[in-house]
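Chemist: Coordinates for the following, if possible.
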Amino acid sequence: MNSKLWSLKFNTVTLVLIPAAIGINYLGKLFAGVLKLPLWLDSIGTCLAAILAGPIVGAICGAANNIIYGLTMDPISTIYALTNIGIGIAVGILAYKGFMKNFKGAIVTAIVVGLVSVVISTPLNVIFWGGQTGNVWGDALYAGAVAGNIPVWIASFLDELVVDLPDKIAVIIIVFLICKSLPKSLLSLYQRNDDIESLD
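Modeler: This next block holds a predicted model:
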């Protein structure tokens, strides 16, 4: 795989991007919580960072967000850093391969990232929450599935799927629109094939 994909440069623009992305994640989660949306919206910053600066930076932003949230609000959230690391890596790879250049590619990215999230989160949900996600819509499906004698792992998978897939579609569309609105002069600062040392 191309080494540029996994390049990591802690230059000025990257150091500015990381806390900004973490803040965006936190605000997204807060926004969804206040409005009681059936979505998480807590990976917008992770995806944006992954697209701009690569999968490693995306993974760092995702992990840091969950660790901070875990230390300040909910300790169990820390373990879901694994999910956000997966999201950052998946988005970074797909963006590098050109999937975020058009809307169709963005939807494909959203579906892939949604499935990555489900695969990573489902075992964690089973271990820590008995298979539930804590989302009203997903947990209602879980309860119905378990009542219908569907195995816990499958019920948990479905619970996570009905929340994560719409969430990642919403998140990737938001990020796609943000990226399309950014000036080319700003985007050029994050080109990983250039030796950029500062914002100047």
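Chemist: Could you work out the end-to-end span of stretch 141-156 for me?
Modeler: In stretch 141-156, first residue to last residue: 9 Å (Cα to Cα, to the nearest Å).
Chemist: for that stretch, the distance to its chain's centre please.
Modeler: A distance of 26 Å separates the centroid of the chain from that of stretch 141-156, by Cα atoms, centre = their mean, to the nearest Å.
Chemist: If we go by neighbour counts, what in it is buried?
Modeler: Leu141, Tyr142, Ala145, Val146, Val152, Ala155, Ser156 (16 or more other Cβ atoms under 10 Å). The way it works is simple: take the backbone N, C-alpha and C, and place the C-beta from them, glycine included.
Chemist: Farthest pair within those residues?
Modeler: By the measure Cβ to Cβ, Leu141 and Val152 form the most distant pair in these, at 13.0 Å.
Chemist: Run through the neighbouring helices and strands of the longest helix anywhere in the chain.
Modeler: Ordering each helix of the chain by length in residues (DSSP state H) puts helix 152-181 first. With contacts defined as 3 or more Cβ pairs under 8 Å, 6 or more residues apart in numbering; DSSP states H and E, helix 152-181 has these neighbours: helix 44-53, helix 103-129, helix 136-147.
Chemist: Next SSE downstream of that helix?
Modeler: Scanning forward in sequence from helix 152-181 by DSSP states H and E, the next helix or strand is helix 184-187.
Chemist: now this protein, which segments are flagged as low pLDDT?
Modeler: For the chain, the stretches with pLDDT under 70 are 1-3, 191-200.
Chemist: Try it again at 80.
Modeler: The chain contains residues with pLDDT under 80 at 1-10, 73-74, 191-200.
Chemist: Next, give phi and psi for the most centrally placed residue in it.
Modeler: The centre of the chain sits closest to Ser43, judged by Cα atoms, centre = their mean, with a distance of 3.6 Å. Phi and psi for Ser43, reported as degrees, to the nearest 10, are phi -130, psi 20.
Chemist: need the contact list for it.
Modeler: Under the criterion of Cβ atoms under 8 Å, 6 or more residues apart in numbering, the neighbours of Ser43 are Asn25, Gly28, Gly62, Asn84, Ile87, Asp167, Lys168, Val171.
Chemist: backbone phi and psi for the second one, please?
Modeler: When read as degrees, to the nearest 10, the backbone of Gly28 gives phi -60, psi -40.
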